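Novice: kindly generate the corresponding structure for this input.
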Amino acid sequence: MPRAEFTYEVRRGPQDPIGVEDYVVRTSDGDAVGTVGALLDRGGERLLVVELGTPPIRHDRRAVRWECVERVDHDAVAVWLTLDAASFEGTALELDPDRAVEEGEGDVEARRVSEPPRDLIPPPQGAPQAGPVENVRWLEALGAFLAMAFASLAATMVVYFTGDNTWALLFLVPAALAVAAGVLAYRAYRSPYEPRGARKP
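Specialist: Here you go, the predicted model:
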């Protein structure tokens, strides 16, 4: 995998996303490879930064040229690449975390910009964009996990204090909750964000 040798700008602290930042990035074969960390301009060349890992934990950053973007789907809060998963792994530039500079902290070779190239992807109509809405499935998965832990504890206490092993059937409840938590967590991982306007105030 090629490694970038230039400095680049990143968001300062907990700044709200702008433009297509935090959109899910999908390859041509439909795999979600990460989310948009930033759009960078490096001497007139536009780069899409892809943050890998599960939010809010990020493992590393990759960059692809904007020419590798097939389309931006604002309704689905997704950016689609022309690359398949294997091509993305082989061609995306690995960004050095030591070369990241928070916005406004100094000179960098690649600066964070707010909009994709207007001549390629028209921006959505209406007011300036806010970032996408985080999917609540993470909370549902957490709730199912906590319910599983509570049900496991309750079943253990019943079996321990009664001494009757027939009560072991109670462990079917936490097992079912564990499956539900796993399904919800996987769905949240595949689609971590909701389209704008999907959540009513």
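Novice: measure the residue nearest to the spatial centre of the chain to residue 163 for me?
Specialist: In the chain, the residue lying closest to the centroid (Cα atoms, centre = their mean) is residue 35, at 4.2 Å. Distance of residue 35 to residue 163, computed by Cβ to Cβ, to the nearest Å: 52 Å. Glycine gets a C-beta too; all of them are placed from N, C-alpha and C.
Novice: what does residue 14 give?
Specialist: Distance of residue 14 to residue 163, given as Cβ to Cβ: 53 Å.
Novice: just residue 181 next, same as before
Specialist: Residue 181 is 30 Å from residue 163, by Cβ to Cβ.
Novice: neighbour count winner among these two?
Specialist: residue 181 (21 against 7; other Cβ atoms under 10 Å).
Novice: so which strand or helix has the more buried one?
Specialist: helix 172-190 (DSSP states H and E).
Novice: packing partners for that helix?
Specialist: helix 137-162 (3 or more Cβ pairs under 8 Å, 6 or more residues apart in numbering; DSSP states H and E).
Novice: quick one: distance of the helix it packs on to the chain centre.
Specialist: Its chain's C-alpha centre and that of helix 137-162 lie 28 Å apart, by Cα atoms, centre = their mean, to the nearest Å.
Novice: just to revisit the earlier point, list the buried residues for the helix holding residue 181?
Specialist: Buried residues in helix 172-190, defined by neighbour count with 16 or more other Cβ atoms under 10 Å: 173-174, 177-178, 180-181, 184-185, 188.
Novice: tell me the phi and psi of residue 79?
Specialist: Backbone torsions of residue 79, given as degrees, to the nearest 10, read phi -120, psi 120.
Novice: offset the numbering so it begins at 409, please.
Specialist: Sounds good: first residue 409 from here, last item residue 487.
Novice: tell me which residues touch it, please.
Specialist: 428, 431-434, 444, 456, 477, 479-481 (Cβ atoms under 8 Å, 6 or more residues apart in numbering).
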